[in-house]
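Enquirer: Make a model of this:
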Amino acid sequence: MLKTFLSTVALGLCLNSAALADTAIKFTLGWKTQGSDAAFLLAKEAGYFEAEGLDVTIDQGEGSAATVTRIMSGTYDAGFGDINAIIQNAATRPDEAPVMVYQLWNKPPFAIVSKKETNITKPADLVGKTLGGAQGTPTTRLVTVLATLNDVDMAQVKIDNMGPNLQEPMLIKGDIDGALVFNITSWFNLINNRQDPAKDYNWLLFGDHGLDLYSNGLMVSQKLIAENPQAVAGLVRAVNKAAIEIGLDTEKGMDSVVAFDNLVKRDLEHDRLKFSYENLIVSPEVEKLGLGDLDDSRLARSIDIVAEGYQLPSKPTAEQIFDRQFLPPIEERKLTYTAN
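Expert: Numbers count the residues shown, from 1 in each chain. Okay, the predicted model is just below:
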């Protein structure tokens with residue numbers, strides 16, 4: 001009798017486990033595997049997605065803006081990408097653009113990096129300089145808005161178009177005075193080129209000079225929201241749980257990154273993970289609103305900035321870009337960051 005009862009219980013547990021993982025979600029990262037992807041990879045590795053009834057497949061990405069187009073194509077249901085790319089696409093394809101449901105990077109990574117001897121410390125110092133930019137990237141597209149907001153005549157600034165892989169090498173050689181970059185990418189590219197990004201380079205951050213934009217976070221398709229809002233809520237809960245845990249233990253986050261891709265350089269990517277928290281995530285706004293949320297008035301200003309920078313035919317509303325209904329209660333999103 002007891003044996004039969006235990007067998008029935010075991011069968012029930014198996015059926016429950018199978019039911020828990022019945023919603024398949026294809027998820028794209030913003031780029032090749034990096035330490036800053038840890039929240040998504042820990043949620044997968046630690047079983048947080050599975051506990052929410054989700055069978056999540058994670059693929060590497062092709063750029064934070066490409067995350068948006070991948071989701072719009074229907075190939076992916078969700079991903080880690082740039083909210084400014086959502087704004088850009090929502091202006092022309094409002095019924096197809098994904099929606100941000102968990103804002104992770106509260107501060108923008110857009111920056112101009114230059115050697116210290118070049119003395120570029122503020123926008124006015126760009127006059128007479130040559131910058132290297134990758135065509136179509138947010139930093140390159142928005143530098144004209146940066147100039148406008150800071151009364152800089154862009155006719156006196158030269159921009160050389162180049163591939164992203166050439167920016168740091170040409171900067172090191174002195175072929176350009178500055179590079180239009182993502183700080184979280186360029187900082188570690190310089191390290192890989194045996195440079196000291198802290199000691200020998202200046203970083204002109206767009207966010208410090210009028211372009212107070214948001215950046216990367218968890219976005220999902222409108223289709224997923226309409227057809228399975230419970231899955232979206234579960235996805236957000238799992239990522240939030242992981243992101244909060246990583247704030248207390250970055251090594252735990254890195255374990256999941258290495259488990260996902262054992263070819264990453266652990267020490268370098270661990271530093272990138274910490275860089276993301278210290279420079280892009282932790283902020284007074286996150287302390288006030290909790291991780292994952294944002295300020296609607298700030299988002300509205302961001303939409304205005306992006307609309308000007310990309311010469312958009314229309315401006316989407318904040319409600320089209322960000323949906324906070326899936327966020328866990330604020331007490332579950334309170335972030336404590338401990339560098340370790």
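
Enquirer: So which residues of the stretch 201-340 of the chain form helices?
Expert: With DSSP state H, counting those that start in this stretch applied, the stretch 201-340 of the chain shows helices at 222-227, 229-248, 250-260, 266-276, 284-289, 296-309, 318-321, listed in chain order.

Enquirer: got the contact list for the first one?
Expert: Residues from elsewhere that reach helix 222-227 (C-beta atoms under 8 Å, 6 or more residues apart in numbering): 25, 74, 77-78, 95-99, 101, 231-232, 323. The way it works is simple: take the backbone N, C-alpha and C, and place the C-beta from them, glycine included.

Enquirer: Let me see the mean pLDDT of that helix.
Expert: In this model, helix 222-227 has a mean pLDDT of 97.

Enquirer: Convert the C-alpha atoms of it to PDB, please.
Expert: Provided in PDB are the C-alpha atoms of helix 222-227 (Å, rounded to 0.1, in the frame of the first residue of the first chain):
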ATOM      1  CA  GLN A 222       3.900  42.200 -27.900                       C
ATOM      2  CA  LYS A 223       2.700  38.800 -29.000                       C
ATOM      3  CA  LEU A 224       4.000  37.200 -25.800                       C
ATOM      4  CA  ILE A 225       2.400  39.800 -23.600                       C
ATOM      5  CA  ALA A 226      -1.000  39.400 -25.400                       C
ATOM      6  CA  GLU A 227      -0.900  35.600 -25.400                       C
END
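
Enquirer: List the buried residues for that helix?
Expert: Neighbour counts over helix 222-227 (16 or more other C-beta atoms under 10 Å) mark Gln222, Leu224, Ile225 as buried.

Enquirer: how about the strands in this structure?
Expert: Along the chain, counting by DSSP state E, strands occupy 23-28, 54-59, 78-82, 99-103, 110-115, 130-133, 158-161, 178-182, 201-205, 216-220.

Enquirer: could you give the angle of the second one to helix 229-248?
Expert: Looking back up the chat, that one is strand 54-59. Orientation of strand 54-59 against helix 229-248 (axes from the mean of the first three to the mean of the last three C-alpha atoms, to 10 degrees) gives an angle of 60 degrees.

Enquirer: Are there helices or strands packed against strand 54-59, and which ones?
Expert: strand 23-28, helix 38-45, helix 229-248 (3 or more C-beta pairs under 8 Å, 6 or more residues apart in numbering; DSSP states H and E).

Enquirer: Looking at the ones you listed, which one is packed in the most?
Expert: Counting by mean count of other C-beta atoms under 10 Å, helix 38-45 has the highest mean neighbour count of the helices and strands packed on strand 54-59, with a mean of 26.

Enquirer: So what's the residue count around Arg70?
Expert: 23 (other C-beta atoms under 10 Å).

Enquirer: Please name the nearest non-neighbouring residue to it.
Expert: Tyr76 (4.7 Å; C-beta to C-beta, 6 or more residues apart in numbering).

Enquirer: which ones are touching that neighbour?
Expert: Tyr76 neighbours (C-beta under 8 Å, 6+ apart): Lys26, Phe27, Thr28, Asp59, Thr67, Arg70, Ser221.

Enquirer: ok, it to Val220 distance?
Expert: Using C-beta to C-beta, to the nearest Å, one gets 9 Å for the distance from Tyr76 to Val220.

Enquirer: go on, Ile120?
Expert: Taken as C-beta to C-beta, the span from Ile120 to Val220 is 39 Å.

Enquirer: quick one, which of those two is more surrounded?
Expert: Between Ile120 and Val220, counting by other C-beta under 10 Å, Val220 is the more crowded of the two (27 against 21).

Enquirer: Can you give me every residue that contacts the more buried one?
Expert: Contacts of Val220 by C-beta under 8 Å, 6+ apart are Ile71, Asp77, Ala78, Pro98, Val99, Val101, Val232, Leu235.

Enquirer: Apply 6 Å and report the result again.
Expert: Ala78, Val101, Val232 (C-beta atoms under 6 Å, 6 or more residues apart in numbering).

Enquirer: got CSV for those residues, with distance to Ser114 too?
Expert: Listed next are these as CSV, based on distance: C-beta to C-beta, whole Å:
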residue, distance to Ser114
Ala78, 36
Val101, 36
Val232, 42
